[in-house]
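*Asks:* the sequence isn't on hand, but the structure is:
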């Protein structure tokens, strides 16, 4: 075109006004026939936007002031109605290539990341994978520039719209401060990756491919953390460290080792790519992303034009190193947060560390950390996401106690969570779909955003099995010890409710669900049949999810034998005058020393009325049990007492004296007092 030739004829033109004058003069000199021809072509092609004049200039002709002016124009137009976001991204990419000096290039790259984030449709949907990768590549380039230029500092308090005509000069410390908010960039990328894992179907290859992007994000976050450590920015260090902690705390040793191998594999591939492309692996990936975006050209919807970038592989930086064990990584990051973080950051880091310790089987350390932190006292005052993290930590703590064979501690950790009946909602692993839900659409949307991705879920069936088994091993001996007053000492209300439901059924088929298996084991345990109880428990499929499956099942077998022995002695000891130790050992397949210990503890606690006869190796029973008539009389007396109390309360309520008896401490049966003429209380002596 003639216009392009005119631009080339004026390589020294610095001012935009001079360029416009040359363009206008050249356009006026065009012939009338050529104008008609161009008009016809424009009508056929349809309306098109005028190409920016900077894009047609040679890079050597562009000055620092031109780039700064165009960058300031883009910054001020962001967010305005009618602004073409894709055009801004293309212009910023061009400016990054023609920027004069490293500080100006960093300014342009920081604004480019922000503009790429603007292409995302909104907070209700996740950022497209290709767009996420492009943003990641730009950030990796920023970190490479910062590492090669240690005198340049990215500062979010710097003025991005400041007018400059020349490159900024270093301050008295030799630093050049450029606008950029690395913490916000890292948090946004992390949030978008989290949202994508929430939405993508976990049973597809797309979900697995998305998880393979995690090492690249970890490398970026570690680079940012190292950068903040180098410039001694203690305000932003805990924020980035917490993001890293939230990626590591739920991983088992097997998962951590697999991710470490994946990182090493991707680094080897990146090294091979860097050898093939002397300009660097990151630059090669950026070029591939640009080519993919150009191949997808013509898309008008923001976000859709990046779909071709999904196939671009981002190399993991070769200088990123993962520790040998996840425990060392967690300890280093948590210590950093404890030294410099605020209260919320410290609380979340502590809960993640408790979860990590419990997930690795260190129950006692996790329990001591929870008790020393006193988080359970203030958890209701925290935000909802921290409460969800607390529930997850308590669930993992209960599972760790169960694997250790600490039945009472496991039940204490899991009972409140399971007894609520809303385990999925409390762990953010599902939403209630009841008919009588009074949630507004905004509340449902917020709850969806808080859901955990599938790879972070805790098995609900394993939680239910652990809680019900812990309750069974405590409740069945307690019910056998107090057959007439079993309701007086209830350890688990949810277990009793399920047991009552199954007891009222006229016919029960073979066990299918977790509850069916636990109830079948309960009925067998109430008879003292430990083998049937263990067979019902061992048939559960959830044990395949436990890493130490054999040790857990062996522990359960021993616990069921012990409680079956206790239940048998509670239930059938009144029918015996003596019991042989050898017979008990053969019935429950337990060593003699273990049976002797259990029976002796029951005698000391006065749960079993009997004594040892050493010569004959038998237990001699002492018939101190009440007769049937005495038991019925005791029941009748208890019910009569309850009836009298209810009648007295009803009478007091009818006569208006309910407040006098209950709140003021009055007791009519013990002469609690009467009301005088002046309305004051007097005792029976009239004083």
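*Replies:* Alright, I've got the coordinates. In this text the structure is predicted, and so the values were computed from the model without any measurement. Residues are numbered from 1 along each chain as shown.

*Asks:* which secondary element of this protein has the worst mean pLDDT?
*Replies:* Scoring the helices and strands of the chain by mean pLDDT, DSSP states H and E places helix 2-8 at the bottom, with a mean of 39.

*Asks:* what's the burial count for the residue lying closest to residue 458 once chain neighbours are set aside?
*Replies:* Residue nearest to residue 458 in three dimensions, not counting chain neighbours: residue 395, with 5.4 Å by Cβ to Cβ, 6 or more residues apart in numbering. Every residue, glycine included, has its C-beta placed from N, CA and C. Number of residues near residue 395 (other Cβ atoms under 10 Å) recorded here: 26.

*Asks:* what's the answer for residue 126, then?
*Replies:* Residue 126: 23 neighbours (other Cβ under 10 Å).

*Asks:* can you check the one 4 residues further on too?
*Replies:* Residue neighbour count, defined by other Cβ under 10 Å, stands at 22 for residue 130.

*Asks:* how about it, secondary structure?
*Replies:* Of the three states, residue 130 takes helix under DSSP: H, G, I helix; E, B strand; the rest coil.

*Asks:* next: residue 159.
*Replies:* Look at residue 159: counting by three-state DSSP, its state is coil.

*Asks:* ok, it touching residue 179?
*Replies:* Yes. Using Cβ atoms under 8 Å, residue 159 is in contact with residue 179, at 7.1 Å.

*Asks:* higher neighbour count, the two?
*Replies:* Using other Cβ under 10 Å as the criterion, residue 159 and residue 179 rank with residue 179 on top: 18 against 8.

*Asks:* look up the residues forming beta bridges with the more buried one.
*Replies:* residue 155 (DSSP bridges).

*Asks:* the helix or strand hosting residue 631: which residues count as buried?
*Replies:* Residue 631 belongs to helix 628-655 when assigned by DSSP states H and E. Going by neighbour count (16 or more other Cβ atoms under 10 Å), the buried part of helix 628-655 is residue 652.

*Asks:* where does the stretch 51-200 of the chain dip in pLDDT?
*Replies:* Applying pLDDT under 70 to the stretch 51-200 of the chain flags residues 51-53, 160-162.

*Asks:* ok, 80 please
*Replies:* 51-62, 79, 82, 121-124, 157-174 (pLDDT under 80).

*Asks:* which residues in it form strands?
*Replies:* Here the stretch 51-200 of the chain has its strands, by DSSP state E, counting those that start in this stretch, at 152-155, 176-179.

*Asks:* what's the most buried one of the ones you listed?
*Replies:* strand 152-155 (a mean of 20; mean count of other Cβ atoms under 10 Å).

*Asks:* packing partners for that strand?
*Replies:* Under the contact criterion of 3 or more Cβ pairs under 8 Å, 6 or more residues apart in numbering; DSSP states H and E, strand 152-155 touches helix 102-118, helix 129-148, strand 176-179.

*Asks:* the longest one to helix 102-118, inter-axis angle?
*Replies:* Yep, that's helix 129-148 we're talking about. Counting by axes from the mean of the first three to the mean of the last three Cα atoms, to 10 degrees, helix 129-148 lies at 160 degrees to helix 102-118.

*Asks:* helices or strands next to helix 129-148 in the packing?
*Replies:* Helix 129-148 is packed against helix 102-118, strand 152-155, helix 182-199, helix 214-230, helix 281-295, with contacts defined by 3+ Cβ pairs under 8 Å, 6+ apart.

*Asks:* quick one: the first one to helix 182-199, angle?
*Replies:* In terms of direction (the same axes, to 10 degrees), helix 102-118 departs from helix 182-199 by 30 degrees.

*Asks:* can you give the contact residues for helix 102-118?
*Replies:* Under the criterion Cβ atoms under 8 Å, 6 or more residues apart in numbering, residues 64, 67-68, 71, 74-75, 78-79, 85, 88-89, 92-93, 95-96, 99, 127, 131, 134-135, 138-139, 141-142, 145-146, 149, 152, 154, 160, 167-168, 176, 178-181, 185, 188, 302 lie in contact with helix 102-118.

*Asks:* equivalent analysis for the fourth one, please.
*Replies:* By Cβ under 8 Å, 6+ apart, the list of residues contacting helix 214-230 from outside reads 136, 139-140, 143, 146-147, 150, 182-183, 186, 189-190, 193, 236-237, 240-241, 243-244, 247, 259, 262-263, 266, 314-317, 320, 322.

*Asks:* over to the third one?
*Replies:* Here helix 182-199 makes contact (Cβ under 8 Å, 6+ apart) with 113, 117, 120, 125-127, 129, 132, 135-136, 139, 142, 154, 156, 207, 210-211, 213-214, 217, 220-221, 224, 227-228, 236, 239-240, 243, 448-449, 451-455.

*Asks:* where do the helices sit along the stretch 251-400 of the chain?
*Replies:* Ranges of helices within the stretch 251-400 of the chain are 253-276, 281-295, 326-340, 343-359, 363-373, 375-378, 384-404, based on DSSP state H, counting those that start in this stretch.

*Asks:* could you dump those helices into CSV with mean pLDDT and distance to residue 522 added?
*Replies:* Shown next, in CSV, are the helices of the stretch 251-400 of the chain (pLDDT from 0 to 100; distance: least, Cβ to Cβ, whole Å):
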stretch, mean pLDDT, distance to residue 522
helix 253-276, 85, 34
helix 281-295, 52, 59
helix 326-340, 93, 38
helix 343-359, 94, 27
helix 363-373, 93, 26
helix 375-378, 88, 30
helix 384-404, 93, 17
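
*Asks:* can you put the ones you listed in CSV and add distance to residue 499?
*Replies:* Listed next are the helices of the stretch 251-400 of the chain as CSV, based on distance: least, Cβ to Cβ, whole Å:
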stretch, distance to residue 499
helix 253-276, 37
helix 281-295, 61
helix 326-340, 41
helix 343-359, 29
helix 363-373, 28
helix 375-378, 29
helix 384-404, 20
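
*Asks:* of these, which is nearest residue 652?
*Replies:* Among those, helix 375-378 comes nearest to residue 652, with 37.8 Å by Cβ to Cβ.

*Asks:* elements contacting the closest one?
*Replies:* Where contact means 3+ Cβ pairs under 8 Å, 6+ apart, helix 375-378 is packed against helix 343-359.

*Asks:* against which helices or strands is the helix it packs on packed?
*Replies:* Packed against helix 343-359 by the contact rule (3+ Cβ pairs under 8 Å, 6+ apart) you find helix 237-248, helix 326-340, helix 363-373, helix 375-378, helix 384-404.

*Asks:* and these as CSV, adding distance to residue 466?
*Replies:* Output for the helices and strands packed on helix 343-359, formatted as CSV (distance: least, Cβ to Cβ, whole Å):
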stretch, distance to residue 466
helix 237-248, 24
helix 326-340, 24
helix 363-373, 13
helix 375-378, 20
helix 384-404, 4
